[in-house]
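Enquirer: Provided below for reference: sequence and predicted model.
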Amino acid sequence: MRTLFLCAALLAGCLIAGSGRDLAAASEAAEIKVQGTRPQLMFACELDADKLQALFADAAVLADLKDLNAGISLALMDLSSQRAQVIRRLNEAGIPVVAWITLPKEQGYYLNADNEAATAARFAEFEKWTAENGLRWAGIGLDIEPSLGDWTTIQQGRKWRLVRTLIGRAFDGKRVLQARTAYAALIRQMQSRGYTVQTYQLLFLADERRAHSTVLERLFGVVDVRSDDEVLMVYSSFNHALDAALVWGYGPDAHTIAVGSTATAGSGELDARFGPLNWDEFSRDLIVASHFSHEVGVYSLEGCVRQGFLPRLKTLDWTQPVTLSSATVEKVRGFRQRVQTMLWIASHILYFAAAAVLALVCLVLYWRRRRRLRTTRVALSGT
């Protein structure tokens, strides 16, 4: 989840850059009213083993999940006996659990183009652990995000090192193809074992597809690979001013939508800028997401428990209309256009560079030809 903040700056920057134009255009647009229907809720849970056990020591949490007929996507931060105990308890309670595959932090934690081999090895370890502990799964989740290593490089102030790395990646199209092929084969292997596979993708991947670009794949190692169910992570907590318009703007591109975040980031600076959703924001995002998606993901379960959202979800009126202002809808539309334009230009930068070089060569040849003609005329006039 922390690497999503690498994208938050782009989100905020593009929105600020075009906010004046968007608001002017929005003056002629109409408000939008959205109604949803009760979806299947799937809560993401990303806790270490001790905190996980403490969370489910509260019987009310299990009871609320059962009443909501909800499931859990559980991050497998370790393959410990303590985590297995919690999963068996969820199995016994009849709560669907998706195995959210993660890697040790030294291997990047999230799945991306740089660690497919480690992911395949982790899946083998997961299968062994599952068999040894008699665990049952509703599916497997693959969270495809930039490596924690990139985030760490920024935190350590080594920005130029990251820039050099990104420049090298920008011209490595082979890496994209190899990653897509490798992850597609891994997903087929998982499916052959009887698992339904979900992929969790950054919302910008929807813009990359529209721009027919591979820039994000090349620079950040995200992998555009298809599974049984793709979950687009549309977190309006990165810009609270957009309200549910961000979900509305990306909804048509999503098979399944995940909303959030309801949890703190654990950093005072980040929480001040990108604080968790409150109940009004959260419920509006859920209703708008349910307009597009029969299943809605939530990041995160622990954030919802901390804020007391689970009991309130049991009485939520999913048919109540949500009104989206014309200004926020237009902001998101303009934002997406800018992102797609940036991605398209970045994808064709070599063509622009080649055209510029060609134009320069033509200009130099033109001026040389003119100088030779001038020299010839002077020589002829002198004779």
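Expert: That came through, no problem.
Enquirer: which parts of the stretch 1-150 of the chain are strands?
Expert: Here the stretch 1-150 of the chain has its strands, by DSSP state E, counting those that start in this stretch, at 32-34, 40-45, 71-76, 97-101, 139-143.
Enquirer: which helices and strands sit right next to the fourth one?
Expert: Just to be clear, that refers to strand 97-101. Judged by 3 or more Cβ pairs under 8 Å, 6 or more residues apart in numbering; DSSP states H and E, the packing partners of strand 97-101 are strand 71-76, helix 81-92, helix 116-133, strand 139-143. The way it works is simple: take the backbone N, C-alpha and C, and place the C-beta from them, glycine included.
Enquirer: again with the second one
Expert: Judged by 3+ Cβ pairs under 8 Å, 6+ apart, the packing partners of strand 40-45 are strand 71-76, strand 295-299, helix 301-307.
Enquirer: and those, which is most packed in?
Expert: Among those, the stretch with the highest mean neighbour count (mean count of other Cβ atoms under 10 Å) is strand 295-299, at a mean of 25.
Enquirer: which residues are contacting it?
Expert: Contacts to strand 295-299, defined as Cβ atoms under 8 Å, 6 or more residues apart in numbering, come from residues 1, 39-44, 46, 73, 200, 229, 231, 233, 235, 256-263, 286, 289-290, 304.
Enquirer: list only buried entries from the residues you listed.
Expert: 1, 39-44, 46, 73, 200, 229, 231, 233, 235, 256-263, 286, 289-290, 304 (16 or more other Cβ atoms under 10 Å).
Enquirer: mind giving me the domain split of this protein?
Expert: Domain assignment for the chain, taken from automatic domain parsing, gives 2-347, 356-383.
Enquirer: confidence-wise, which of those is weakest overall?
Expert: Lowest mean pLDDT of the domains of the chain: domain 356-383, a mean of 65.
Enquirer: show me the helices in the stretch 201-350 of the chain, by range?
Expert: Applying DSSP state H, counting those that start in this stretch to the stretch 201-350 of the chain gives helices spanning 204-210, 215-220, 245-250, 268-273, 279-292, 301-307, 309-313, 326-347, 349-382.
Enquirer: any buried residues in stretch 306-319, and which?
Expert: Buried, per 16+ other Cβ under 10 Å, within stretch 306-319: 307, 309-310, 313, 316.
Enquirer: report the contact partners of E208.
Expert: When contacts are counted by Cβ under 8 Å, 6+ apart, E208 touches 214-217, 224, 343.
Enquirer: picking up where we left off before, rebuild the helices and strands packed on strand 97-101 as JSON lines, extending it with distance to R273.
Expert: Below are the helices and strands packed on strand 97-101 laid out as JSON lines (distance: least, Cβ to Cβ, whole Å):
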{"stretch": "strand 71-76", "distance to R273": "24"}
{"stretch": "helix 81-92", "distance to R273": "32"}
{"stretch": "helix 116-133", "distance to R273": "31"}
{"stretch": "strand 139-143", "distance to R273": "23"}
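Enquirer: tell me which of these sits most buried.
Expert: The most buried one of the helices and strands packed on strand 97-101 (mean count of other Cβ under 10 Å) is strand 139-143, showing a mean of 24.
Enquirer: packing partners of that one?
Expert: Counting contacts by 3+ Cβ pairs under 8 Å, 6+ apart, strand 139-143 is packed against strand 97-101, helix 173-192, strand 197-202.
Enquirer: kindly recompute the last result at 7 Å.
Expert: The helices and strands touching strand 139-143, judged by 3 or more Cβ pairs under 7 Å, 6 or more residues apart in numbering; DSSP states H and E, are strand 97-101, strand 197-202.
Enquirer: partner strands of that strand and their direction?
Expert: In its sheet, strand 139-143 lies beside strand 97-101 (parallel), strand 197-202 (parallel), with partners assigned from DSSP bridges.
Enquirer: which of those is buried the deepest?
Expert: Most buried of the strands paired with strand 139-143 by mean neighbour count (mean count of other Cβ under 10 Å) is strand 197-202; its value is a mean of 24.
Enquirer: need the residues that contact that strand.
Expert: By Cβ atoms under 7 Å, 6 or more residues apart in numbering, the residues outside strand 197-202 that reach it are 4, 7, 98, 139-145, 187, 190-191, 222, 225, 227-233, 258.
Enquirer: fine by me, we can end here.
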